[in-house]
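Trainee: Got a sequence here, can you model it:
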Amino acid sequence: MSLKYTMDVLELLDDPQINGEAVIQLFANVQNCEASFETVEGQQGSTDFIKILIKGSNGKSNGGNAPSLGIVGRLGGLGARPSRIGFVSDGDGAAAAVAIALKLAAMNQKGDVLSGDVYVTTHICPNAPTVPHEPVEFMGSPVDILTMNRYEVIPEMDAVLSIDTTKGNRVFNHRGFAISPTVKEGYILKFSADLVRIMEMTTGDAPVTFAVTTQDITPYGNDVFHINSILQPAVATDAPVVGVAITANSAVPGSGTGASHEVDIAEAVRFCIEVAKEFTNQKISFYDAPEFERLEKLYGSMKHLQTLGND
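Mentor: Below is the predicted model of the structure:
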């Protein structure tokens, strides 16, 4: 049923008047669910950050001890109005995040309650700026990446799935979605076998992964190339972060309209929901904790890669 929720959300978000209040109204009076938004002004306009909590039966918000999953819909903006009319490719991350929250809330209402809490965060901006980028134009944002991380990456998240359109390149040539290796405290770790298994199960196909470079896990603003912002949440938390990239066979501008594929977004939604079920029930892990401890013992901390460095 992920496709239904995805299509409903895309129709809602493809609106020049869309705002955070309209999104959180979807969750008004929904039991075991809390939704809020805050408008934040930036140098190039404003955006509405939203936070949705779907409470688990043994979630920490209710005094339990089940782990909490964070799902971040990462983007610059939903639209590039007035220079572009319509929903842009860059908005897929927000659409996926809101669709995940809607589906989890509906499951909760019916009695399919996850063990732990799930926090879904993203931001709603229908008129973001565009920025030059190679090989195709990207979407900018009214606020900087540090502000995004401050509102979207919260301490309650024990692990993070960061969903972002990743079509503006010529190195991830696959139509659908792909997952990254786990990034934690400056280390690029091996792929989680649990997440690979869930991807195989939900797509019915061979798993698709994407490469991560050291540049990609450093903060924006250090004047080095980043494939995009998909792993920027990893600079703001010690929790393990995995990127869920919505991808294409060709290089698609983030500012391109008519470039969002409902089925691809729904595949990512379905994957994230299954991860949420198993992670909050302590059935899977994002990384090998003993091996991570071994790496730190051998090579020390890599947390300096979460900073802007010597400059």
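Trainee: How is Glu41 classified with respect to secondary structure?
Mentor: Under DSSP: H, G, I helix; E, B strand; the rest coil, Glu41 falls in the strand class.
Trainee: can you map out the strands along the stretch 201-311 of the chain?
Mentor: For the stretch 201-311 of the chain, strands defined by DSSP state E, counting those that start in this stretch occupy the ranges 241-247.
Trainee: got the residue ranges for the helices in it?
Mentor: Per DSSP state H, counting those that start in this stretch, the stretch 201-311 of the chain carries helices over the ranges 262-280, 289-299.
Trainee: Quick check: buried residues in stretch 269-287?
Mentor: Under the neighbour-count criterion of 16 or more other Cβ atoms under 10 Å, stretch 269-287 has 269-281, 284-287 buried. Glycine gets a C-beta too; all of them are placed from N, C-alpha and C.
Trainee: Against Lys303, how distant is Ser97?
Mentor: You called it Ser, but residue 97 is Ala. Ala97 sits 27 Å away from Lys303, going by Cβ to Cβ, to the nearest Å.
Trainee: Have a look at these two and say which one is more surrounded.
Mentor: Ala97 (30 against 14; other Cβ atoms under 10 Å).
Trainee: And the helix or strand hosting the more buried one, what does it pack against?
Mentor: Taking DSSP states H and E as the definition, Ala97 sits inside helix 92-110. Using 3 or more Cβ pairs under 8 Å, 6 or more residues apart in numbering; DSSP states H and E, the elements in contact with helix 92-110 are helix 2-13, strand 33-42, strand 45-54, strand 69-73, strand 118-124, strand 159-165, strand 241-247, helix 262-280.
Trainee: Dump those to a markdown table, plus mean pLDDT.
Mentor: Converted to a markdown table, the helices and strands packed on helix 92-110 look like this (pLDDT from 0 to 100):
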| stretch | mean pLDDT |
| --- | --- |
| helix 2-13 | 96 |
| strand 33-42 | 95 |
| strand 45-54 | 96 |
| strand 69-73 | 98 |
| strand 118-124 | 98 |
| strand 159-165 | 97 |
| strand 241-247 | 97 |
| helix 262-280 | 98 |
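Trainee: Which of those sits closest to Asp205?
Mentor: helix 262-280 (9.5 Å; Cβ to Cβ).
Trainee: Next, the angle from that closest one to strand 45-54.
Mentor: 50 degrees (axes from the mean of the first three to the mean of the last three Cα atoms, to 10 degrees).
Trainee: Tell me how far helix 262-280 lies from the chain's centre.
Mentor: 11 Å (Cα atoms, centre = their mean, to the nearest Å).
Trainee: circling back: go through the helices of the stretch 201-311 of the chain and name the closest to Ala178.
Mentor: With Cβ to Cβ, the closest approach to Ala178 among these belongs to helix 262-280: 9.5 Å.
Trainee: Ser61: how many residues sit nearby?
Mentor: Residues lying near Ser61 (other Cβ under 10 Å) number 16.
Trainee: Run through the residues that contact it.
Mentor: Contact analysis of Ser61 by Cβ atoms under 8 Å, 6 or more residues apart in numbering lists 53, 55, 117, 156.
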